[in-house]
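**Student:** sequence-free structure coming up:
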């Protein structure tokens with residue numbers, strides 16, 4: 001992991017021991033950073049409904065520490081500064097001092113003037129959190145620490161303080177020639193689809209097509225662009241499943257927006273909204289009734305939230321592809337070879353598909369149709385450990401992801417004794433693959449539809 005620039009002030013008070021990892025940002029804090037932070041904070045409060053939430057949280061006692069016992073960052077470091085309550089408290093201190101609605105409480109909550117070193121601690125703290133929301137499950141006060149982390153990153157982004165990989169991804173989506181994070185061109189898309197159709201014919205003996213830019217169909221399928229670049233089996237599995245369940249010509253991928261990733265969700269609300277609008281407008285252009293998100297966790301959550309928040313009236317309904325597959329399997333539209341996958345298989349619940357969206361039993365039901373040696377991770381479902389990837393699993397945070405945020409996940413996977421771990425999330429796939437290699441785990445990582453492709457009985 002790269003260090004902050006040499007001319008940037010220290011993240012911690014010099015009297016305090018340095019934290020073991022430091023996150024790089026494109027624009028370091030400077031002598032005017034406190035004023036810029038407060039201006040950004042004030043503007044966001046004025047044009048959003050965050051103030052009511054902050055005012056409520058600021059009046060709560062956050063000293064029970066229960067959240068720390070459910071945070072894998074804290075459990076890996078045992079650093080009190082990695083407690084979710086401590087992180088949330090950093091932003092609430094600023095709110096109490098400068099913006100709290102009850103002016104009479106100023107003397108009670110006075111924390112002293114904001115300093116540059118405080119901004120650096122906010123940067124460090126907010127980008128250590130993976131926003132998995134595991135701590136929220138057990139907070140007796142119902143404090144959403146992930147929401148506060150989201151707001152903190154939003155404020156910092158308005159100052160130009162955002163990890164460079166996120167800035168590059170967002171720029172590619174909003175300003176790039178091809179509007180996807182990997183800058184994949186339409187000709188490259190067409191060549192890839194043609195190649196995958198040939199592979200599907202050879203593997204299955206079926207004439208399975210992947211329609212591009214077809215108008216007037218019910219289902220517009222938006223996979224993460226990584227499925228075209230590095231997760232071909234996942235994309236082919238979707239096409240095979242759609243064919244087997246009888247969708248035929250009633251689905252398509254887009255010819256203009258073929259990336260469901262929305263890194264604006266990790267960036268700021270207004271960037272999140274702009275990227276979401278591009279996807280919704282594209283689905284309306286094609287005339288679809290349903291926006292179907294592929295195996296991408298944050299895209300699933302972001303689309304469900306974004307469409308409801310900004311485009312609810314007249315917008316296509318959002319589904320994850322697992323929901324469509326589950327309904328088809330339950331209805332008997334797809335037949336599987338019950339012995340297709342003899343290996344011991346376990347399932348990783350991605351935070352944004354499971355805990356933050358609600359798909360728990362559906363993927364397990366599907367897997368148990370053809371995985372006779374299925375074992376559960378412990379804990380699982382709503383209390384499953386996050387993969388530790390966080391926002392976009394940035395490469396410059398790999399050391400942190402492998403040895404801190406992903407430490408408990410690696411231990412959990414190892415204890416399962418599984419040969420294959422299934423994860424239907426693009427970020428989780430990257431993180432888990434790297435964890436397996438880094439920790440020398442004796443297992444393989446697979447997408448859900450990768451195994452579906454192997455198991456469909458034609």
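**Tutor:** Cool, got the structure. Everything numeric in this text was worked out from a predicted model, so none of it was measured.
**Student:** what's around residue 336, how many residues?
**Tutor:** 20 (other Cβ atoms under 10 Å). Heads up, the C-betas are built off the backbone N, CA and C, glycines and all.
**Student:** report the beta-bridge partners for it.
**Tutor:** Note on residue 336: beta-bridge partners by DSSP bridges are residue 456.
**Student:** distance of it from residue 240?
**Tutor:** From residue 336 across to residue 240, the span is 12 Å (Cβ to Cβ, to the nearest Å).
**Student:** hey, what's in contact with both of the two?
**Tutor:** Counting by Cβ atoms under 8 Å, 6 or more residues apart in numbering, the shared contacts of residue 336 and residue 240 are 452, 456.
**Student:** residue contacts, the closest residue to residue 232 other than its chain neighbours?
**Tutor:** By the measure of Cβ to Cβ, 6 or more residues apart in numbering, the closest residue to residue 232 outside its immediate chain neighbours is residue 196, 6.0 Å from it. Contacts for residue 196 (Cβ under 8 Å, 6+ apart) come out as 210, 232, 235-236, 239.
**Student:** could you do residue 439 as well?
**Tutor:** Contacts for residue 439 (Cβ under 8 Å, 6+ apart) come out as 402, 410, 414.
**Student:** if you set the cut-off to 7 Å instead, what comes out?
**Tutor:** The contact partners of residue 439, by Cβ atoms under 7 Å, 6 or more residues apart in numbering, come to residue 410.
**Student:** which one (most neighbours) among the contacts of residue 196?
**Tutor:** Counting by other Cβ under 10 Å, top hit in those: residue 235 with 28 neighbours.
**Student:** hmm, it is touching residue 223, no?
**Tutor:** Yes - judged on Cβ atoms under 7 Å, residue 235 makes contact with residue 223 at a distance of 5.9 Å.
**Student:** in this structure, where is pLDDT below threshold?
**Tutor:** 1-32, 101-112, 391-393 (pLDDT under 70).
**Student:** measure the closest residue to residue 288 other than its chain neighbours to residue 212 for me?
**Tutor:** Excluding the flanking residues, the one nearest residue 288 by Cβ to Cβ, 6+ apart is residue 220, at 3.6 Å. Look at residue 220 and residue 212: by Cβ to Cβ, they are 11 Å apart.
**Student:** need the overlap of contacts for the two.
**Tutor:** With Cβ under 7 Å, 6+ apart, residue 220 and residue 212 have common neighbours residue 252.
**Student:** tell me which of the two has more neighbours.
**Tutor:** Neighbour totals were compared for residue 220 and residue 212, and residue 220 leads with 26 against 16 (other Cβ under 10 Å).
**Student:** tell me the buried residues in whichever strand or helix holds residue 197?
**Tutor:** Here residue 197 sits within helix 186-204, counting by DSSP states H and E. When neighbours are counted by 16 or more other Cβ atoms under 10 Å, the buried residues of helix 186-204 are found to be 189, 192-193, 196-197, 200, 204.
**Student:** now do the helix or strand just after it: which elements does it pack against?
**Tutor:** Proceeding N to C from helix 186-204, the next assigned helix or strand is strand 219-222, under DSSP H and E. Judged by 3 or more Cβ pairs under 7 Å, 6 or more residues apart in numbering; DSSP states H and E, strand 219-222 is in contact with strand 251-253, helix 269-286, strand 290-293.
**Student:** I'd like those written out as a markdown table, with mean neighbour count and distance to residue 127 added.
**Tutor:** Below are the helices and strands packed on strand 219-222 laid out as a markdown table (neighbours: other Cβ atoms under 10 Å; distance: least, Cβ to Cβ, whole Å):
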| stretch | mean neighbour count | distance to residue 127 |
| --- | --- | --- |
| strand 251-253 | 24 | 33 |
| helix 269-286 | 19 | 16 |
| strand 290-293 | 24 | 25 |
